[in-house]
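K.L.:
When you get a sec, could you give me coordinates for this:
(2 chains)
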There are 2 protein chains.
Amino acid sequence: MREGQGGSVIKSGSSNSGIPPTITGATRIVPHLAFPSGHLRTSTFFNPRCRELGIDAVLVPWEIAPEDLPGAWSALRLTRNVPGVVVTLPHKAAVAGLCEHRIGAAQSLGVANVARRNVDGTFVADMLDGVAFVAGLRRAGHEPKGRRALMVGAGGAASAIALSLAGAGVASLTIANRSHEKAEALAQTVARLCPGVPVSAGAPEAAGMELIVNATSLGMKPDDPLPLASDTIPAGSVVAEVVMNPDVTRLLVEAERRGAAIHRGVHMIKAQIDALIASIFGPVPVNA
Amino acid sequence: MREGQGGSVIKSGSSNSGIPPTITGATRIVPHLAFPSGHLRTSTFFNPRCRELGIDAVLVPWEIAPEDLPGAWSALRLTRNVPGVVVTLPHKAAVAGLCEHRIGAAQSLGVANVARRNVDGTFVADMLDGVAFVAGLRRAGHEPKGRRALMVGAGGAASAIALSLAGAGVASLTIANRSHEKAEALAQTVARLCPGVPVSAGAPEAAGMELIVNATSLGMKPDDPLPLASDTIPAGSVVAEVVMNPDVTRLLVEAERRGAAIHRGVHMIKAQIDALIASIFGPVPVNA
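P.N.:
Numbering: from 1, shown residues only, chains lettered A, B, ... in the order given. Below is the predicted model of the structure:
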């Protein structure tokens, strides 16, 4: 068959329907690099939002094993209708390293969750997990400024969240991690980048904390242990998750039972979508 | 953000709506290799049909310049949720060469319009343009068997169409092409593969013909010359197109004016979709 240049295809479907726009030859493709990819949900937020904004693009899962990433990456440079990629576990550090340019938290931390492709095939990495997490907290009415914060985890997302919490002016930040060494290194990095905020590595001990954040993947699987001893959670604190599937983790169930306010992982992704789209396609209009 | 394994996403939208299913992390991605890609329309047929059949997959344009194909190809091997690719100009011969295995017309002709990815990352090329063209003719009530046929063109799609027309038992097949040498070579190939059918290279002269096929891309652009002198088209003949955009080419307008039956390029793509899907995902149920 030969497909000519004369026609046009009417975009169908109303906004907010959860359905991406009709994919045509003109649609730009944003691969979502992950391994595995079956559990990803970002496209179900990203694609309707693109349609709402009149951007003809779709986010599609792109399942690449860690050892295959460099080979797969070189091909993404060659694909003309790929304006950028979204990046999830386990590729966040590797992608930051593969990009020619790094900005924002990707520059500070060496991890990326988005990369914009320039017309010459070079990529600019950015890391939006931290700003999205803090934006999600604020949208839900939980201002982090002045709170004593405990964060569990020291991986890619955790690093960015720690940096953003410190940047938002928490009263103090304690970082707990299975590997204490990694927590220590992250605490030092954040303390260096945000002087004036007391940041330290410590135990996953929630007593006395006002903001408690799970920034590990514990809670994704039904038989995962809790990221911290839930009986130390103070009533009146805010317990926040990065895990968004399941919607309410066991940690949040326990936190609610103890009288804490809970903040689900979905808040972060909702705040993240516009930031991802802006990073790839340029500024998103306010109130769009 | 961390996306766990507990939840599920409801697929929304009814069939035949022209909208692909909601893309989730479990959706398989079929890149449509082309250059350029902006004019492609196959996804608008392929994606709704997948949904109808309950196949969680989307065809997405994948714009690769010819010189970049080998590099891009090696990455498609590495992408675990790519079950196959659809191939359009100018990549049909190159992809047939890149695949480890060739079946059907891809084996006979060295051109491919689809390739299935095996779990080990090897690919099987097939070429469905010919069978789809003949199936489209038959669905529209134009049995090619016993007709004197003229086909203009000798490229990838034309080769496959010539082979299928001969296989369907046309009374004779004349192949006309700007490069007579190429037409001659194709005629010899088809004659060798389909002994008993008179196949020859000749002029784009429609007088005396009962089935006239444009298998070139002429007609895609408004200022393209006609592929053959329209004043030679006999009343009562069938004039068929592979160009599907615009829907009715200038050749078809002229043919209709002269009392010929016309057969649009869209028939071929509609017949092609199930064949493409079956080639990538396995047999499509009859009457589905």
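K.L.:
what ranges do the strands span in the stretch 1-150 of chain A?
P.N.:
A:28-34, A:57-63, A:84-87, A:101-102, A:114-117, A:123-126, A:148-152 (DSSP state E, counting those that start in this stretch).
K.L.:
Identify whichever of those lies nearest to chain B.
P.N.:
Smallest distance to chain B across the strands of the stretch 1-150 of chain A (CB to the nearest CB): 4.0 Å, for strand A:57-63. Every C-beta, even on glycine, is put in place using the N, C-alpha and C of the backbone.
K.L.:
For chain B, what's the nearest residue on the stretch 151-288 of chain A?
P.N.:
Counting by CB to the nearest CB, the stretch 151-288 of chain A gets nearest chain B through A:Met220, at 3.1 Å.
K.L.:
So that residue sits against A:Val242, correct?
P.N.:
No. Contact criterion CB atoms under 8 Å: A:Met220 and A:Val242 do not qualify, at 10.0 Å.
K.L.:
Counting neighbours, go ahead and name the busier of those two.
P.N.:
A:Val242 (30 against 19; other CB atoms under 10 Å in any protein chain shown).
K.L.:
and the more buried one, what is it in contact with?
P.N.:
A:129, A:133, A:153, A:157, A:161, A:213-216, A:265, A:268, B:1-2 (CB atoms under 8 Å, 6 or more residues apart in numbering or on different chains).
K.L.:
Can you report how many residues lie near A:Ala191?
P.N.:
Counted with other CB under 10 Å, the neighbours of A:Ala191 add up to 17.
K.L.:
what's the spacing between it and A:Pro70?
P.N.:
Applying CB to CB, to the nearest Å, the value for A:Ala191 to A:Pro70 is 33 Å.
K.L.:
Same question for A:Phe35.
P.N.:
A:Phe35 is 14 Å from A:Pro70, by CB to CB.
K.L.:
Who has more neighbours out of the two?
P.N.:
A:Phe35 (17 against 14).
K.L.:
nearest residue to the more buried one other than its sequence neighbours?
P.N.:
Once flanking residues are discounted, A:Phe35 sits nearest to A:Ala65: 5.3 Å by CB to CB, 6 or more residues apart in numbering or on different chains.
K.L.:
Equivalent analysis for A:Phe46, please.
P.N.:
A:Leu59 (4.2 Å).
K.L.:
Count the neighbours of the closest residue to A:Gln272 other than its chain neighbours for me.
P.N.:
With CB to CB, 6+ apart as the measure, A:Ala132 is the residue that lies nearest to A:Gln272, at 3.6 Å, once sequence neighbours are left out. Using other CB under 10 Å, A:Ala132 has 27 other residues around it.
K.L.:
what does A:Gly196 give?
P.N.:
Neighbour count for A:Gly196, taken as other CB under 10 Å: 7.
K.L.:
Mind giving me the packing neighbours of the helix or strand where A:Val253 lies?
P.N.:
For A:Val253, the host element (DSSP states H and E) is helix A:250-257. Contacts defined by 3 or more CB pairs under 8 Å, 6 or more residues apart in numbering or on different chains; DSSP states H and E place helix A:250-257 against strand A:238-241, strand A:261-263.
K.L.:
can you give me the angle that helix makes with strand A:148-152?
P.N.:
Angle, helix A:250-257 to strand A:148-152, by axes from the mean of the first three to the mean of the last three CA atoms, to 10 degrees: 150 degrees.
K.L.:
Tell me the buried residues in helix A:250-257?
P.N.:
Within helix A:250-257, the residues scored as buried using 16 or more other CB atoms under 10 Å in any protein chain shown are A:250-252, A:254-255.
K.L.:
rewinding a little: which stretch among the helices and strands packed on helix A:250-257 is buried most, on average?
P.N.:
Most buried of the helices and strands packed on helix A:250-257 by mean neighbour count (mean count of other CB atoms under 10 Å in any protein chain shown) is strand A:238-241; its value is a mean of 27.
K.L.:
quick one: contacts of that one?
P.N.:
By CB under 8 Å, 6+ apart, strand A:238-241 touches A:133, A:137, A:142, A:147, A:210-214, A:219, A:233, A:249, A:251-252, A:255, A:260-265, A:267.
K.L.:
so how far is A:Val190 from the spatially closest residue to A:Ser179 that is not a sequence neighbour?
P.N.:
If the residues on either side of it in the chain are set aside, A:Ser179 comes closest to A:Ala154, at 7.1 Å by CB to CB, 6+ apart. For A:Ala154, the distance to A:Val190 equals 10 Å [CB to CB].
K.L.:
Quickly list what's touching both of the two.
P.N.:
Jointly contacting A:Ala154 and A:Val190 under the rule CB under 8 Å, 6+ apart are A:162, A:175.
K.L.:
and the end-to-end length of stretch A:186-205?
P.N.:
18 Å (CA to CA, to the nearest Å).
K.L.:
outside of it, which residues touch it?
P.N.:
Contacts of stretch A:186-205 (CB under 8 Å, 6+ apart): A:108-109, A:150, A:152, A:154, A:158-159, A:162-163, A:166-167, A:169-177, A:180, A:183-184, A:227-229, A:232.
K.L.:
out of those residues, which are buried?
P.N.:
A:108-109, A:150, A:152, A:154, A:158-159, A:162-163, A:166-167, A:170, A:172-177, A:183-184, A:227-228, A:232.
K.L.:
Helices along chain A, start to end?
P.N.:
Per DSSP state H, chain A carries helices over the ranges A:42-52, A:69-78, A:92-98, A:104-109, A:129-139, A:156-167, A:180-193, A:250-257, A:265-281.
K.L.:
most tightly surrounded among those helices?
P.N.:
helix A:156-167 (a mean of 26).
K.L.:
Is there a neighbour count for A:Asp122? I'd like the number.
P.N.:
One thing to correct before we go on: residue A:122 is Thr, not Asp. By other CB under 10 Å, the residues close to A:Thr122 number 13.
K.L.:
From what I see, it and A:His101 are in contact.
P.N.:
Yes. Counting by CB under 8 Å, A:Thr122 does reach A:His101; the two are 6.8 Å apart.
K.L.:
what's A:Leu137 in contact with, if anything?
P.N.:
A:143-144, A:211, A:238, A:240, A:263, A:267.
K.L.:
mind redoing it with 10 Å?
P.N.:
With contacts defined as CB atoms under 10 Å, 6 or more residues apart in numbering or on different chains, A:Leu137 is in contact with A:143-144, A:147, A:161, A:164-165, A:168, A:211, A:213, A:238, A:240, A:263, A:267-268, A:271.
K.L.:
Identify the farthest-apart pair in these.
P.N.:
Farthest apart among the contacts of A:Leu137 by CB to CB are A:Arg147 and A:Ala271. That separation is 18.2 Å.
K.L.:
Where does pLDDT dip in chain A?
P.N.:
A:1-21, A:285-288 (pLDDT under 70).
K.L.:
try it again with 90
P.N.:
The model of chain A has pLDDT under 90 over residues A:1-22, A:39, A:41, A:74-75, A:89, A:119-121, A:156, A:244-245, A:269-271, A:282-288.
K.L.:
what's the closest non-adjacent residue to A:Pro144?
P.N.:
A:Ala168 (4.7 Å).
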